[in-house]
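*Asks:* could you look at this predicted model? Sequence included:
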Amino acid sequence: MSSVEVEYRSEPIQRALELIANKENDMRSAIAGLKSQIQDIGVMFADGNHPDKVECFRGLMKELLSMDHDVTTRAQALQSARSTYQAGPDITDFKALLEEQQASRSSYDPEEEEELKTFDRDTGRAQEGGDDDVVDMNGSGALLNDKCPLTMKSVMELEEAVTDKKGYIYEKKAIMQHLRQNSNRPVKCPVAGTTHFITAAELQPAHQVSRAKRRALFGRHTTQATQQPATSVIDADDI
């Protein structure tokens, strides 16, 4: 009696693992959106002098960061399992395999995340050190300069605002041209009273400008709501 040859195929399992990993990455995108909203709301409460609510939303940010870490770790473990899986006669315990890979990764502390540190800076829980003068635009300490030092345009009106490592804001085209004129060498910050140097590599999108715009819009809406005239109530006895 001839033996029956069994063909073992890895592709179906690999495709299934990739599909699950993609779903984990979709969840990461959703978490990123939630983190952005938590950041904005935390800043609004800080502007309104509600430290208890700021602490509440900081706790939510920590939970989201931990969740993001767990989801990222699972996605990486799934991709690793997908790349190494080979079909064979033995049954693969994927649950144990993924748990082993996740456990082998380093422990996680959301307090070390730059996003949480940014939350603390933007809500006033932590102030960056340094002797540079701070130009407070709206009383919240959120923006260090209210105008681009090169174009003298309000930072709220810049086409593409970027920030250096200290938090000073510039029009991207202007600061890049300024750096090119200096052969792309580090240049002294053009904001009066500052002493630090700037490089092109450190420039990042100035998200604090977007948040300041949202806070200003929120403040206008709140003011308009409080200024609405009260609805008159007619007592039946007055008719």
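*Replies:* Looks like it came in fine.

*Asks:* show me the helices in the protein, by range?
*Replies:* Listed in chain order, the helices found in the chain under DSSP state H are 11-47, 51-84, 94-103, 114-122, 172-181, 207-227.

*Asks:* just the endpoints, please. Distance across stretch 154-161?
*Replies:* Terminal residues of stretch 154-161 lie 10 Å apart, using Cα to Cα, to the nearest Å.

*Asks:* list the buried residues in that stretch.
*Replies:* Of the residues in stretch 154-161, 155, 156, 158, 161 count as buried by neighbour count, 16 or more other Cβ atoms under 10 Å. Where C-beta positions appear, they are placed from N, C-alpha and C, glycine not excepted.

*Asks:* ok, and what's touching that stretch?
*Replies:* 137, 143, 145-148, 151, 169-173, 205-206, 209, 212-213, 216 (Cβ atoms under 8 Å, 6 or more residues apart in numbering).

*Asks:* mean confidence score for that stretch?
*Replies:* Across stretch 154-161, the average pLDDT comes to 93.

*Asks:* and if you look at stretch 183-195?
*Replies:* The model assigns stretch 183-195 a mean pLDDT of 92.

*Asks:* show the end-to-end separation of it, please.
*Replies:* End-to-end distance (Cα to Cα), stretch 183-195: 20 Å.

*Asks:* buried sites along it?
*Replies:* 187, 189, 190, 191, 194.

*Asks:* how far off centre is that stretch?
*Replies:* 27 Å (Cα atoms, centre = their mean, to the nearest Å).

*Asks:* tell me, how many residues neighbour residue 96?
*Replies:* 9 (other Cβ atoms under 10 Å).

*Asks:* ok, which of the helices of the chain comes nearest residue 201?
*Replies:* helix 172-181 (10.1 Å; Cβ to Cβ).

*Asks:* centre of the chain to that closest one, how far?
*Replies:* So, by Cα atoms, centre = their mean, the centroid of helix 172-181 is 26 Å from its chain's centroid.

*Asks:* stretch 8-20 too?
*Replies:* Its chain's average C-alpha position is 33 Å from that of stretch 8-20, according to Cα atoms, centre = their mean.

*Asks:* ok, and for it, which residues are buried?
*Replies:* 13, 14, 17, 20.

*Asks:* dump the residues you listed into JSON lines; add pLDDT and distance to residue 42 as well.
*Replies:* Output for these, formatted as JSON lines (pLDDT from 0 to 100; distance: Cβ to Cβ, whole Å):
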{"residue": "13", "pLDDT": "81", "distance to residue 42": "43"}
{"residue": "14", "pLDDT": "82", "distance to residue 42": "42"}
{"residue": "17", "pLDDT": "83", "distance to residue 42": "37"}
{"residue": "20", "pLDDT": "86", "distance to residue 42": "33"}
